[in-house]
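# Please find the sequence and the predicted model below.
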Amino acid sequence: MASSLSGICFNPQKLNQKPTQNPPSSAPTGFQKSTVSFQNKSSSKFQVQAVAREVQQPLSKSANDVVPKSSESLSKTGNSLVKDPKDLWQRYVDWLYQHKELGLYLDVSRVGFTDEFFQEMEPRLQKAFKHMEELEKGAIANPDEGRMVGHYWLRSPHLAPNSFLRLQIENTLEAVCQFANDVISGKIKPPGSPAGQFTQILSVGIGGSALGPQFVAEALAPDNPPLKIRFIDNTDPAGIDHQIAQLGQELASTLVIVISKSGGTPETRNGLLEVQKAFREAGLDFAKQGVAITQENSLLDNTARIEGWIARFPMFDWVGGRTSEMSAVGLLPAALQGIDVKEMLAGAALMDEANRTTVVKNNPAALLALCWYWATDGVGSKDMVVLPYKDSLLLFSRYLQQLVMESLGKEFDLDGNRVNQGISVYGNKGSTDQHAYIQQLREGVHNFFVTFIEVLRDRPPGHDWELEPGVTCGDYLFGMLQGTRSALYANDRESISVTVQEVTPRSVGALVALYERAVGIYASLVNINAYHQPGVEAGKKAAGEVLALQKRVLAVLNEASCKEPVEPLTLEEVAERCHAEDDIEMIYKIIAHMAANDRALIAEGSCGSPRSIKVFLGECNVDELYD
Ligand SMILES: O=P(O)(O)OC[C@H]1O[C@](O)(CO)[C@@H](O)[C@@H]1O
């Protein structure tokens, strides 16, 4: 019976078919109105936003969903963008921030905040500074989890609230550097590799346990690092297979670093199990090549300890995943690639120091937060488009996406009001994006502000050449950045520019610290907790429920498939026997997925017509019948 039937319950044509839609009779006009030019002085930005909200109001599901946003009390009138070239130059000069030692500049002149707005924000910023100061002194920042938030101590251990923490940080840094040196020098080596020493790193982790290391590897790894790095940052079996296949014979000389603060993240656990299987199949002893970075006594820590992995490094409970780049999470992979991690820490420490001033104009993180507030009305009304004009900074926007969105994307404020805060972040790199979506940014829906990241040094000294008289390749990149910035501004699109001399460990450390602090300050401005992520839990819980339902579906199908003759079941029958009638759609999806992977067989019907399906399992598992 099974052989005559298709096991593939996937009809791409059907599943991809879009329902025919009539064009909406009238577009939500509020969105259109919100694009009115800043130049229109009689219609201020504030007024424009008010119109947009008014028109969007009926879209709200329930009238009491969202409390009035704090920003609405702020004056934003008279905010036309400066257009006169002399005035604009003056604004540029007046607002340009420079960090001399870091060679870092911040230009906020192309954001149209007014002096009035700046003054009104001053008390709120002072409050945010106070808040940051308290955090740095060890205040409990995360009321849900009752923990401190101290990523700044990682680069300035002397600021840790007690000597125990200071020692923990210093010892970990020393252990990371020592271990990296020993691996690179071949003192610590893989047991069965012909290469005689480790040549590859396979980093297994997700979210904050991957994004920082990925960004830093792309930004800073030398062309021929002592160890090359690959990442498994998902539970996609094909993605995992690809990474392992790419390693090939070099699996024997691969150092596997499993990174998980909690030590129990399912994707990371699955990655580990898959890699361990690959090791077994290659006849390799995983423990001799495995390293864990996790909190003490987590599931991962205990596994690594019991199995005798070669090293374990701590994650501290006062370091959040998305701010963990300067902990062992980021430092170990970086050091193994030959990146100067002490320089990264030094850059971050210098930036932190600069951000401790309470003079807003001299505080780059505060200036960023202020611009975000202005640009998004303090309610996330515009997206942050991050455009580094440098290939090696490609992953900065992806890194910032988690840092900003997981920190700021919150349903409730600290007083329990529903505020649905956040700022969306996306971006890739310039000038590549100029040939992708800049068209929309210039002329389309006005729902964003840009952050340009400019790197002054094009190439290492001595390598440049003119590809046409007086013009280098880097001049083009420079021209594209400046041209895009000007063209956007001419069409009332605001932008921030962050400029660094070069992409170095120091400047990368500074960028990380700059944005970490800006997020913290902005969170204070909008009165939310930046240091938890309750929303992520809902998805994790729901995923667990899907897997639990799948187990019940399998048990029901197994029972029917063990009958003589086999009893193919309709979806309704499966749902009824699972006592999950309300979950029939999920049951359908579970079955479609299993069928596409040859784990269930469709006896009748097709997945394009769910009600027609009759399903059974190819094999009866007698043991499971009596479990
Ligand atoms: O390091 P862990 O505990 O595996 O968590 C990975 C990521 O998962 C999250 O908790 C979100 O689910 C992030 O905040 C975190 O960076």
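Yep, that arrived.
# just how off-centre is stretch 219-230 within its chain?
Here stretch 219-230 is found 22 Å from its chain centre; the criterion is Cα atoms, centre = their mean, to the nearest Å.
# okay, that stretch in PDB with CA atoms only?
Extracted in PDB, the C-alpha atoms of stretch 219-230 (Å, rounded to 0.1, in the frame of the first residue of the first chain):
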ATOM      1  CA  ALA A 219      34.800  43.000  10.700                       C
ATOM      2  CA  LEU A 220      38.200  42.100  12.100                       C
ATOM      3  CA  ALA A 221      39.400  38.600  11.200                       C
ATOM      4  CA  PRO A 222      42.600  38.800   9.200                       C
ATOM      5  CA  ASP A 223      42.700  37.300   5.700                       C
ATOM      6  CA  ASN A 224      44.600  34.300   7.000                       C
ATOM      7  CA  PRO A 225      43.600  33.800  10.600                       C
ATOM      8  CA  PRO A 226      45.300  31.200  12.700                       C
ATOM      9  CA  LEU A 227      41.900  29.500  13.000                       C
ATOM     10  CA  LYS A 228      39.000  30.100  10.600                       C
ATOM     11  CA  ILE A 229      35.500  30.400  12.000                       C
ATOM     12  CA  ARG A 230      32.200  29.000  11.000                       C
END
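# Now that stretch: buried residues?
In terms of neighbour count (16 or more other Cβ atoms under 10 Å), stretch 219-230 has its buried residues at A219, L220, A221, P225, P226, L227, K228, I229, R230. Using the backbone N, CA and C atoms, a C-beta is placed for each residue, glycine as well.
# Report the central residue of this structure.
Q402 (2.7 Å; Cα atoms, centre = their mean).
# That one is in contact with G207, isn't it?
Yes: using Cβ atoms under 8 Å, Q402 is in contact with G207, at 6.1 Å.
# what do the two both touch?
R322 (Cβ atoms under 8 Å, 6 or more residues apart in numbering).
# Quick check: what element follows the lengthiest helix in the chain along the chain?
Counting by DSSP state H, the longest helix found in the chain is helix 534-561. Once helix 534-561 ends, the next helix or strand along the chain (criterion: DSSP states H and E) is strand 569-570.
# Show me what residue of the stretch 301-450 of the chain gets nearest to the ligand.
Closest residue of the stretch 301-450 of the chain to the ligand, Cβ to the nearest ligand atom: G321 (2.5 Å).
# ranges for the helices of the stretch 301-450 of the chain?
Assigned by DSSP state H, counting those that start in this stretch, the stretch 301-450 of the chain shows helices spanning 328-336, 341-354, 364-376, 396-408, 438-443.
# Pull out the buried residues from the longest one.
Residues 341-352, 354 are the ones in helix 341-354 that count as buried (16+ other Cβ under 10 Å).
# Which of those sits closest to K382?
M351 (25.2 Å; Cβ to Cβ).
# which strands and helices sit next to the longest helix of the chain?
strand 569-570, helix 571-577, helix 584-596, strand 614-616, helix 622-625 (3 or more Cβ pairs under 8 Å, 6 or more residues apart in numbering; DSSP states H and E).
# got the contact list for the fourth one?
Residues outside strand 614-616 that contact it (Cβ under 8 Å, 6+ apart): 9, 557, 560-561, 566-571, 574, 591, 595, 600-605.
# Thought Y399 was touching L211, still the case?
Yes: contact criterion Cβ under 8 Å: L211 and Y399 qualify, at 4.8 Å.
# start to end distance for stretch 383-395?
17 Å (Cα to Cα, to the nearest Å).
# list the buried ones in that stretch?
D383, M384, V385, V386, L387, P388, Y389, K390, S392, L393, L394, L395.
# mind checking how far the last one is from L251?
Read that as L395. Distance of L395 to L251, computed by Cβ to Cβ, to the nearest Å: 25 Å.
# Next: the first one.
Taken as Cβ to Cβ, the spacing of D383 relative to L251 amounts to 41 Å.
# before we move on, what about the fourth one?
According to Cβ to Cβ, V386 stands 35 Å off from L251.
# and the chain, which of its residues are near the ligand?
206-209, 260-262, 265, 268, 321-322, 406, 533, 536 (Cβ under 6 Å from any ligand atom).
# Save these as TSV, and put in neighbour count, pLDDT and distance to N363 too.
Listed next are the residues of the chain next to the ligand as TSV, based on neighbours: other Cβ atoms under 10 Å; pLDDT from 0 to 100; distance: Cβ to Cβ, whole Å:
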residue	neighbour count	pLDDT	distance to N363
I206	21	98	33
G207	21	98	29
G208	27	98	25
S209	28	98	30
S260	30	98	34
K261	25	97	29
S262	14	95	33
T265	22	96	35
T268	27	98	37
G321	25	97	26
R322	26	98	22
E406	22	98	24
Q533	20	93	27
V536	12	90	30
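# Please narrow those residues to those residing in strands.
Among those, the ones falling in strands (DSSP state E) are S260.
# which of the contacts of strand 614-616 count as buried?
9, 557, 560-561, 566, 568-571, 574, 591, 595, 600-603, 605.
# just to revisit the earlier point, turn the buried residues of helix 341-354 into a markdown table, including distance to A180.
A markdown table is the format used below for these (distance: Cβ to Cβ, whole Å):
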| residue | distance to A180 |
| --- | --- |
| V341 | 8 |
| K342 | 12 |
| E343 | 14 |
| M344 | 13 |
| L345 | 14 |
| A346 | 17 |
| G347 | 19 |
| A348 | 18 |
| A349 | 20 |
| L350 | 23 |
| M351 | 24 |
| D352 | 24 |
| A354 | 29 |
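# what's the burial count for the residue of the stretch 1-150 of the chain found nearest the ligand?
Among the residues of the stretch 1-150 of the chain, E145 lies closest to the ligand, at 11.3 Å counting by Cβ to the nearest ligand atom. E145: 15 surrounding residues under other Cβ atoms under 10 Å.
# And the closest residue to it other than its chain neighbours, what's its pLDDT?
The shortest distance from E145 to any non-neighbouring residue, by Cβ to Cβ, 6 or more residues apart in numbering, is to H532 (6.3 Å). Looking at H532, its pLDDT is 93.
# mind listing what's buried in whichever helix or strand V519 is part of?
Element membership for V519 (DSSP H and E) is helix 505-525. Residues 505-525 are the ones in helix 505-525 that count as buried (16+ other Cβ under 10 Å).
# Ok, stretch 452-466 next?
Neighbour-count burial for stretch 452-466, counted by 16+ other Cβ under 10 Å, picks out F452, I453, E454, V455, D458.
# if we look at it, which residues are touching it?
Stretch 452-466 is contacted by residues 386-390, 393, 396, 430, 472-475, 477-478, 481, 484-485, 495-503, 511 when judged by Cβ under 8 Å, 6+ apart.
# Report the residue spans of the stretch 351-500 of the chain with pLDDT below the cut-off.
By pLDDT under 70, the stretch 351-500 of the chain contains no weakly predicted segment.
# quick one: the strands in it?
383-388, 425-426, 448-455, 466-468, 471-472, 495-500 (DSSP state E, counting those that start in this stretch).
# Sheet partners, orientation included, of the fifth one?
This means strand 471-472. Strand 471-472 pairs in its sheet with strand 466-468 (antiparallel), by DSSP bridges.
# before we move on, what about the first one?
Sheet neighbours of strand 383-388, with direction, are listed as strand 425-426 (parallel), strand 448-455 (parallel) (DSSP bridges).
# ok and the last one relative to helix 505-525, angle-wise?
Between the axis of strand 448-455 and that of helix 505-525 there is an angle of 160 degrees, by axes from the mean of the first three to the mean of the last three Cα atoms, to 10 degrees.
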